[in-house]
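A.B. asks: 3D, please:
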Amino acid sequence: MMQSMRDNMKVIIWATAIVFLVGFGVLQLGGVLNPPSGRGGPAGVIARINGEPVRYEEFNGMYQNILNSVRQSREIKEGEDSYIREQAWNDMVTSKLVQQEVRRRGITVTADEIKTMIRASPPEFVMQAPGFQTNGQFDYRKYLAELDNPNSQVPWAQVEDYVAQTLPQQKLQQEIVATAKVSEADVRERFQLVNDKMKVRYISFAADSFPVDTTKIGGADIETYYRTHPEEFTGPPEVTLQVTMVQRRPKEPDFAVARERMMGIREQIAAQPDSFPRYARTYSEAGSAERGGDGADVLYSQLRPSFQAALKVTQPGQLTDVIREERSVHLLRLDKRFADPKSGQMWVHYHEIAFRVEPGSESIRDARKKVQDLLTDARKHGIAKAATRAGYPTSQTPFFREGNSKNDVFKRFPEVERWAFTAKVGSVSNPIPTENGWYLYEIADRQPSGLRPLTTARVFARERLLYSLQLARASDAAKEAAARIAGGAKDLGALKGLRGVEGIATDMTRNGYMGNLGLEPEIVGALFSTPTGTWSRALTGNHVAIVGFVMEHPQPKQEDYKTQAAQIRNTILNSRRQERFQEWLESARKRAKIEDFRENYFEV
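C.D. replies: Numbering: from 1, shown residues only. Reported below is the predicted structural model:
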């Protein structure tokens, strides 16, 4: 058992150590790295981070070790290397910045600290080692017994090396987050936010329910609104990007392999008609797999055209031919076909087996060549012209602020967003790999911080003016409703003539949400100051105006506060610690001088 544990731990230890060198997350790499080309940049160096070289051998060694680790759990997909390599680069930057800060602050660890940490708080991967578990749980006594065993065969030196690397980073993190504090007032405020609840009956007047005659809106009106609301048109730098994408699409050979696989399943099911659910549970990647491929009754007219065509010539109890979609193949068994007695519309019920068709090596090679050709053309003539010539659609993002792009790619690869705010207008990014393909971005325009010029903000100013007029009409309707209620109106249904909608918000808390009305903090705040059993005045928020009746407002109990206070404090403290570290990391990234030579070593 100990020999097996030792072998398993070697793999886990080195995989974890490598992951740590790249960052704090688990990566999954795939694909093949190109050998050093020596084109541009210092030989053998793929990047410099604040002057510190990142060598090809370091990156390649990390890649190979993690690749071997991933292969123990699943098959590597074609083309996965470029996507995961970008993740690895992002985490490499994080790791280097952390290591540099550790050295700058002179953070060190002693041998006694390492031994104490191993004894009192063993690394997670050690706790998960089978040899240290009993009934699936970490057995601390068993662990200590092996740790104190002078004849132990466990590679403790490797564990010590790992802790020696990670402990300084833990100390750094503790220093960075040490300023995070939580006061008693913070805890009570959070308790109130979550536990102070009320039930409100309301009449709402949505701004978009009140049309405005746009023919009466002129340039002078727009300019007046712009001049009187400068805060709406003032902000930090913003950027807009031109975007195109080369998709990772399977080709005919890939579909041929998938069809052959599905035909084999079809033949097995045809020979054993009752085996469809078993094969669906085993092979299908559709959501119905756990139900043996069983779906719900569905309107025939709402099916995809390929499904309609296949089921049209299939009798109940029979199998369709293999159906091909854009990125998948499907096999259906028609269970029944019936007409709705009232509408006469046709309904069907079927079982399904489906799996994705992944692009093979030929498809990936072809896609990569297209990406490289597009990149070369785009850097000469811009993305719009290059993409049009190559037949790829383009789009342009709205202007966005740094950290507020609402772009999932930028969330995963923050260096790309940083590039968008530091490179010259007209610059074209390196290809950004994702699961579905490669993105290319071009900086179309950038606005400096401060008040946006009217020439740039005119369209937005017009939209804001129109909306303010709609909201003003909604507010007037709410005031009229409040006046009628104060005058003794009992029939709330009559207020619908004012374009009001009646509703009830239950368990409404101070977090600002009003159920279907969305986030309206000013309205919610006013309602919490309204006595129970009374109507509020007319309240106007961001998108709606209302009149509300407070039906119930029980006060939170002190006993509940005492029960929840410790957990609330820990929740706030952990959140603030994470925020402090993330703020430090983002600041370090912005200050970092990064020289990137990767395109000389790796294919897209």
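
A.B. asks: measure residue 131 to residue 317 for me?
C.D. replies: 53 Å (Cβ to Cβ, to the nearest Å). For glycine as for every other residue, the C-beta is placed from the backbone atoms N, C-alpha and C.

A.B. asks: do the same with residue 220
C.D. replies: Distance of residue 220 to residue 317, computed by Cβ to Cβ: 73 Å.

A.B. asks: doesn't residue 172 make contact with residue 107?
C.D. replies: Yes - applying Cβ atoms under 8 Å as the test, residue 107 and residue 172 come out as touching, 5.7 Å apart.

A.B. asks: so between those two, which is more surrounded?
C.D. replies: Neighbours were counted for residue 107 and for residue 172 using other Cβ atoms under 10 Å; residue 172 has more, 19 against 16.

A.B. asks: the more buried one should be in a strand, yeah?
C.D. replies: No - assessed with DSSP: H, G, I helix; E, B strand; the rest coil, residue 172 is helix; it does not lie in a strand.

A.B. asks: which strand or helix spans the spatially closest residue to it that is not a sequence neighbour?
C.D. replies: Distances taken as Cβ to Cβ, 6 or more residues apart in numbering place residue 102 nearest to residue 172, at 5.2 Å, with adjacent residues excluded. Under the criterion DSSP states H and E, the helix or strand holding residue 102 is helix 80-105.

A.B. asks: buried ones in the helix or strand where residue 266 lies?
C.D. replies: Per DSSP H and E, residue 266 falls inside helix 252-271. Within helix 252-271, the residues scored as buried using 16 or more other Cβ atoms under 10 Å are 254, 255, 258, 259, 262, 265, 266, 269.

A.B. asks: so residue 378 touches residue 440, yeah?
C.D. replies: Yes - using Cβ under 8 Å, residue 378 is in contact with residue 440, at 6.0 Å.

A.B. asks: which neighbours do those two share?
C.D. replies: With contacts defined as Cβ atoms under 8 Å, 6 or more residues apart in numbering, the residues adjacent to both residue 378 and residue 440 are 244, 387, 428.

A.B. asks: need these in a markdown table (columns: neighbour count).
C.D. replies: Converted to a markdown table, the shared contacts of residue 378 and residue 440 look like this (neighbours: other Cβ atoms under 10 Å):
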| residue | neighbour count |
| --- | --- |
| 244 | 21 |
| 387 | 23 |
| 428 | 21 |
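
A.B. asks: dump stretch 112-130 to CSV, restricted to CA.
C.D. replies: The C-alpha trace of stretch 112-130 is given here as CSV (Å, rounded to 0.1, in the frame of the first residue of the first chain):
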residue,chain,number,x,y,z
ASP,A,112,11.2,24.8,11.6
GLU,A,113,8.4,26.7,10.0
ILE,A,114,8.3,24.2,7.1
LYS,A,115,8.2,21.3,9.5
THR,A,116,5.6,22.9,11.6
MET,A,117,3.4,23.6,8.6
ILE,A,118,3.8,20.0,7.3
ARG,A,119,2.8,18.6,10.7
ALA,A,120,0.0,21.0,11.6
SER,A,121,-1.5,21.8,8.2
PRO,A,122,-0.5,19.3,5.5
PRO,A,123,-1.0,20.3,1.9
GLU,A,124,-4.4,19.4,0.3
PHE,A,125,-2.9,16.9,-2.1
VAL,A,126,-1.2,15.1,0.8
MET,A,127,-4.5,14.9,2.7
GLN,A,128,-6.1,13.4,-0.4
ALA,A,129,-3.5,10.7,-0.8
PRO,A,130,-5.3,7.3,-0.5
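
A.B. asks: which parts of that stretch are buried?
C.D. replies: Within stretch 112-130, the residues that count as buried by 16+ other Cβ under 10 Å are 114, 117, 118, 122, 123, 125, 126, 129.

A.B. asks: then stretch 345-362?
C.D. replies: 347-355, 357-360.

A.B. asks: show me which of the residues you listed is closest to residue 165.
C.D. replies: residue 358 (36.3 Å; Cβ to Cβ).

A.B. asks: report the contact partners of that closest one.
C.D. replies: 77, 78, 250, 254.

A.B. asks: among these, which one has the most neighbours?
C.D. replies: Each of the contacts of residue 358 was scored for neighbours by other Cβ under 10 Å, and residue 250 scores highest at 23 neighbours.

A.B. asks: hang on, residue 48 in a helix?
C.D. replies: No - under three-state DSSP, residue 48 sits outside any helix and is assigned strand.

A.B. asks: so who does it touch?
C.D. replies: By Cβ under 8 Å, 6+ apart, the neighbours of residue 48 are 54, 593, 594, 595.

A.B. asks: one more pass at 7 Å, please.
C.D. replies: residue 595 (Cβ atoms under 7 Å, 6 or more residues apart in numbering).

A.B. asks: one more: residue 209?
C.D. replies: Contacts of residue 209 by Cβ under 7 Å, 6+ apart are 474, 499.

A.B. asks: okay if I get the shared contacts of residue 378 and residue 440 as JSON lines plus pLDDT?
C.D. replies: Output for these, formatted as JSON lines (pLDDT from 0 to 100):
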{"residue": "244", "pLDDT": "97"}
{"residue": "387", "pLDDT": "96"}
{"residue": "428", "pLDDT": "96"}
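
A.B. asks: want to throw those residues into TSV with secondary structure and distance to residue 83?
C.D. replies: TSV is the format used below for those (DSSP: H, G, I helix; E, B strand; the rest coil; distance: Cβ to Cβ, whole Å):
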residue	secondary structure	distance to residue 83
244	strand	17
387	helix	21
428	strand	19
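
A.B. asks: let me know the closest of those residues to residue 397.
C.D. replies: residue 244 (12.0 Å).

A.B. asks: if we ignore the residues flanking it in sequence, what's nearest the closest one?
C.D. replies: residue 387 (4.1 Å).

A.B. asks: do the same with residue 293
C.D. replies: Nearest non-adjacent residue to residue 293 (Cβ to Cβ, 6+ apart): residue 280, at 3.1 Å.

A.B. asks: quick revisit: pLDDT on the helix or strand following the helix holding residue 102, on average?
C.D. replies: Next along the chain after helix 80-105, taking DSSP H and E as the criterion, comes helix 111-120. The pLDDT scores in helix 111-120 average 94.

A.B. asks: next secondary structure after helix 111-120?
C.D. replies: helix 124-127.

A.B. asks: give me the sheet partners of the next helix or strand after that following helix and which way each runs.
C.D. replies: Using DSSP H and E, the helix or strand that follows helix 124-127 in sequence is strand 133-134. Next to strand 133-134 in the sheet, as set by DSSP bridges, lie strand 137-138 (antiparallel).

A.B. asks: quick one: the strand it pairs with to chain centroid distance?
C.D. replies: 32 Å (Cα atoms, centre = their mean, to the nearest Å).

A.B. asks: number the chain from 30, please
C.D. replies: Done: numbering now begins at 30, and the last item shifts to strand 166-167.

A.B. asks: coming back round to it: now do the contacts for the residue nearest to residue 201.
C.D. replies: Contact partners of residue 131, counting by Cβ under 7 Å, 6+ apart, are 197, 198, 201.

A.B. asks: could I get the pLDDT score of the first one?
C.D. replies: Right, the one you point to is residue 197. We have a pLDDT of 95 for residue 197.

A.B. asks: secondary structure element for it?
C.D. replies: Going by DSSP H and E, residue 197 is part of helix 185-206.

A.B. asks: which other helices and strands does whichever helix or strand comes after that helix contact?
C.D. replies: Per DSSP H and E, the first helix or strand lying C-terminal to helix 185-206 is helix 213-224. Counting contacts by 3 or more Cβ pairs under 7 Å, 6 or more residues apart in numbering; DSSP states H and E, helix 213-224 is packed against helix 587-620.
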